[in-house]
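A.B. asks: Compute the structure for the input listed below.
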Amino acid sequence: QVQLVESGGGLVQAGGSRGLSCAASGGAFSSYFMAWFRQAPGKEREFVAHISWRGDLTYYHDAVKARFTISRDNAKNTMYLQMNNLKPEDTAVYYCAATSRHAGTFRNVDEYANWGQGTQVTVSS
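C.D. replies: All right, here's what the predicted structure looks like:
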């Protein structure tokens, strides 16, 4: 099983940028389809973006499209999320997730068996 550790969260002003990282260990990173999810207080965990095994296919939630960029470096066993033009509604705990599945929408929480501990991103207005 792959272990995931997120980093890069913090406090940022609205309109600012922040980069998150997800470091993987204990598994063949390139064999996992990866995603970012987020969970705001009192809300369910929601999909943000996902990236295919080689990084050639990506998909974004409409709320973050054109502002966020997901990427991965299989040589470094790391996935990234670059967040630009942040808004207060982006405030949440951000989680990285990995799945060994090869079919599905890859946008649902229950499709992912491996999760990091999360990193808090707070956007002030």
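
A.B. asks: most centrally placed residue in the chain?
C.D. replies: residue 36 (2.0 Å; CA atoms, centre = their mean).

A.B. asks: Could you say which helix or strand holds the closest residue to it other than its chain neighbours?
C.D. replies: Nearest non-adjacent residue to residue 36, counting by CB to CB, 6 or more residues apart in numbering: residue 48, 4.2 Å away. Where you see a C-beta, it was placed from the backbone N, CA and C, and this is true even at glycine. Per DSSP states H and E: residue 48 is located in strand 46-51.

A.B. asks: Figure out how far stretch 75-82 is from the centre of its chain.
C.D. replies: Centroid separation for stretch 75-82 versus its chain: 10 Å, with CA atoms, centre = their mean, to the nearest Å.

A.B. asks: Show me what that stretch is in contact with.
C.D. replies: With CB atoms under 8 Å, 6 or more residues apart in numbering as the test, stretch 75-82 has contacts from 17, 19-25, 29, 34, 36, 48-49, 51, 68-73, 94, 96.

A.B. asks: likewise stretch 18-27?
C.D. replies: So stretch 18-27 is contacted by 1-10, 12, 32, 34, 36, 77-83, 86, 94, 96, 98, 114, 116, 119, 121 (CB under 8 Å, 6+ apart).

A.B. asks: With just CA atoms, put that stretch into PDB.
C.D. replies: Provided in PDB are the C-alpha atoms of stretch 18-27 (Å, rounded to 0.1, in the frame of the first residue of the first chain):
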ATOM      1  CA  ARG A  18      -0.300  28.300  -3.200                       C
ATOM      2  CA  GLY A  19       1.400  25.100  -4.200                       C
ATOM      3  CA  LEU A  20       0.700  21.700  -2.600                       C
ATOM      4  CA  SER A  21       2.800  18.600  -2.800                       C
ATOM      5  CA  CYS A  22       1.900  14.900  -2.100                       C
ATOM      6  CA  ALA A  23       4.900  12.700  -1.500                       C
ATOM      7  CA  ALA A  24       4.300   8.900  -2.000                       C
ATOM      8  CA  SER A  25       6.200   6.000  -0.500                       C
ATOM      9  CA  GLY A  26       5.900   2.300  -0.100                       C
ATOM     10  CA  GLY A  27       4.400   1.600  -3.500                       C
END
